[in-house]
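*Asks:* have a look at this fold, sequence not included:
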């Protein structure tokens, strides 16, 4: 993976000195990352994040006074976040808070690098200009083709309920079927018309025409509860109000 012109500025928030040292060493050995500081409590980190910006936050979940998840709930525009946990039970919470990934202690460099590369891809996606609207491109306004195994399958945009990212694949979900496609969410966003589809979460793109209800930062489509990531909430609400 090419190194960006400026490394992602990383902040470590963890009350475990050994874990801090391990993550700091991992950052030091990753060319596209640079550490800008460490905190052993979420309260002090919250104060810094209100006045300064960082690109990537390595955040411990279990800390005294304020947990990592409590800290996330106080941030209006959080940076990219990788949770550091002592238990896999926080995987669901990580998903709900729209974090990039979660690392279980003790952190190995291989697992760290996988999460860091994911963060870099998301950072670069966000930094790129938005794709042109379908009217200004050659994208057909009614359908596209996606590769499923060895064949190209026609997808009618109106039939799609939502798209979900799962590892290196995306699931294009329709009322009575789904397609599993080797693709990135960025590629889906470029193919699907922006007038109808909106990114609601790092792992979900939804068809605004298919939204049945929205409540408690959750979208309902075909009885599927889809979380709205904090960084996408304003855009989703604005798009729904105008739709």
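*Replies:* Thanks, I have the structure now. Only a predicted model underlies this, so the values are computations on that prediction, with no experimental measurement involved.

*Asks:* which residue is nearest the middle of the chain?
*Replies:* Relative to the mean C-alpha position of the chain, the nearest C-alpha, by C-alpha atoms, centre = their mean, is the one of residue 202, at 3.1 Å.

*Asks:* so who does it touch?
*Replies:* Contacts were defined as C-beta atoms under 8 Å, 6 or more residues apart in numbering; by that measure residue 202 touches 98, 100, 122, 165, 185, 229. To be clear about C-beta, it is placed using only N, CA and C from the backbone, and glycine gets the same treatment.

*Asks:* which among those gets closest to residue 48?
*Replies:* Nearest to residue 48 among those is residue 100, at 19.7 Å by C-beta to C-beta.

*Asks:* from residue 27, how far off is the closest one?
*Replies:* When C-beta to C-beta, to the nearest Å is applied, the distance between residue 100 and residue 27 equals 15 Å.

*Asks:* circling back: include secondary structure and neighbour count when you put the contacts of residue 202 into TSV, please.
*Replies:* Compiled in TSV, the contacts of residue 202 are given as follows (DSSP: H, G, I helix; E, B strand; the rest coil; neighbours: other C-beta atoms under 10 Å):
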residue	secondary structure	neighbour count
98	coil	23
100	coil	22
122	helix	16
165	strand	17
185	helix	20
229	coil	21
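
*Asks:* so which of those sits lowest on pLDDT?
*Replies:* Comparing pLDDT over these singles out residue 98 as the least confident position, at 78.

*Asks:* skipping adjacent residues, who's closest to it in space?
*Replies:* Of all residues beyond its chain neighbours, the one nearest residue 98 is residue 229 (3.1 Å), with distances taken as C-beta to C-beta, 6 or more residues apart in numbering.

*Asks:* list the contacts for the one you found?
*Replies:* Residues near residue 229 by C-beta under 8 Å, 6+ apart: 98, 200, 201, 202.

*Asks:* by mean pLDDT, point me to the weakest helix or strand of the chain.
*Replies:* Across the helices and strands of the chain, mean confidence by mean pLDDT, DSSP states H and E is lowest for helix 91-96: a mean of 66.

*Asks:* follow the chain on from it and name the next helix or strand.
*Replies:* The helix or strand immediately downstream of helix 91-96 is strand 101-104, counting by DSSP states H and E.

*Asks:* any buried residues in that following strand, and which?
*Replies:* Along strand 101-104, the positions that meet the burial threshold by neighbour count (16 or more other C-beta atoms under 10 Å) are 101, 102, 103.
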